[in-house]
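Asker: Build me a model from this:
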Amino acid sequence: MQKQILIVDDDLDLSAILGEMLESYGYGVAYAKNREEAFSRLTDNTYHLILLDINLPEGTGFDICEELRRVSTVPILFASARTSEQDRITGLDMGGDDYLAKPYSLKELLSRVNALMRRTYGFSEKERLVSFGTISVNPAARTVVKAGKSLSLSLKEFDLLACLCRKLGTAVPKEELLSEVWGPFNLIEPSTLTVHIRWLREKLEDDPATPRYIKTVRGVGYLLEVPDET
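Answerer: Numbers count the residues shown, from 1 in each chain. So this is what the prediction gives:
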């Protein structure tokens, strides 16, 4: 089931950017710019996480959190330009689950959202450890280990690898990979996918020029394969 996120922030431009990014990673997103709209949304809909600013028209995010905690345990991630230690303590003490100071990177926001979702709702079948050769991929923790050493992958490199892991042993069309990793309405050139596949091979393969794991399927796309070691 698609997880739903409510963004409560009066910065509409920022909300649109955050929403587009979260939707590209499979989340459903709704918006509210003040307390009244937030509670109207919450009355009529169910959300799995609330991304909450503190400075709002006609009240604060603290007010919303305090009222919500009387009736709901939905995860709340504060994201605010208010960065003092006291604001962080207040937000967490009144029931917030995490606190992220603006400005923040979209990558960090996504990681914190994913972590809150995992802690609250558990791991899905698609997030189990995938191993091939000396490589282990943990989609839930977003980690990759090769021969006992952690590999550093960019956000898109990891998402691409995770998509191939979900379809292990099956050729995944280029169009599907672009949609899964960059979003269904992306304007990304296929060459960008090719470059990211090359970068993944350079990090995962012993000989990137002759890949054992990430194979090209001509006329289709790419395949993550576990070779027969016997």
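Asker: drop to CA atoms for contacts and neighbour counts, all remaining ones
Answerer: OK.
Asker: what about the residue nearest to Val220 when sequence neighbours are not counted, distance to Asp93?
Answerer: Nearest non-adjacent residue to Val220, counting by CA to CA, 6 or more residues apart in numbering: Pro173, 5.0 Å away. For Pro173, the distance to Asp93 equals 48 Å [CA to CA, to the nearest Å].
Asker: more crowded one of these two?
Answerer: For the pair Pro173 and Asp93, the greater number of neighbours falls to Pro173 (15 against 11), based on other CA atoms under 10 Å.
Asker: contacting residues for that one?
Answerer: For Pro173, the contact set (CA atoms under 8 Å, 6 or more residues apart in numbering) comprises Val220, Gly221, Tyr222.
Asker: do you know how far the last one is from Leu155?
Answerer: Using CA to CA, we find Tyr222 at a distance of 19 Å from Leu155.
Asker: With neighbour numbers in mind, choose between those two.
Answerer: Taking neighbours as other CA under 10 Å, Tyr222 and Leu155 compare with Tyr222 leading, 21 against 14.
Asker: for that one, which residues make a bridge with it?
Answerer: According to DSSP bridges, the residues that bridge with Tyr222 are Val172, Thr216.
Asker: That one touches Tyr213, doesn't it?
Answerer: No - the criterion here is CA atoms under 8 Å, and Tyr222 misses it with Tyr213 at 10.1 Å.
Asker: Would you map out the domains in this structure?
Answerer: Taking automatic domain parsing as the reference, the chain has its domains at 4-121, 128-224.
Asker: Quick check: phi and psi on the residue most central in space within the chain?
Answerer: By CA atoms, centre = their mean, the chain has its centre lying nearest to Leu110, at 4.2 Å. Main-chain dihedrals, Leu110, degrees, to the nearest 10: phi -60, psi -40.
Asker: can you pull the pLDDT of the closest residue to it other than its chain neighbours?
Answerer: Once flanking residues are discounted, Leu110 sits nearest to Leu22: 7.3 Å by CA to CA, 6+ apart. On the pLDDT scale, Leu22 is placed at 93.
Asker: cool, and the one 4 residues further on?
Answerer: The predicted structure scores Gly26 at 87 on the pLDDT scale.
Asker: Would you confirm that it contacts Gln2?
Answerer: Yes - the pair Gly26 and Gln2 passes the contact test of CA under 8 Å, sitting 6.9 Å apart.
Asker: So for these two, which sits in the more crowded spot?
Answerer: Between Gly26 and Gln2, Gly26 has the larger neighbour count (other CA under 10 Å), namely 14 against 8.
Asker: Point out where the protein drops to low pLDDT.
Answerer: For the chain, the stretches with pLDDT under 70 are 1, 122-128, 140-141, 183-186, 228-230.
Asker: can you rerun that using 80?
Answerer: Within the chain, the ranges that satisfy pLDDT under 80 run 1-2, 44, 71, 83, 118-128, 139-142, 155, 179-180, 182-187, 227-230.
Asker: Start from the N-terminal end of this protein and give the strands.
Answerer: Assigned by DSSP state E, the strands in the chain fall at 4-8, 28-32, 49-52, 55-56, 59-60, 76-80, 98-101, 130-132, 135-138, 143-146, 149-151, 172-173, 214-217, 221-224.
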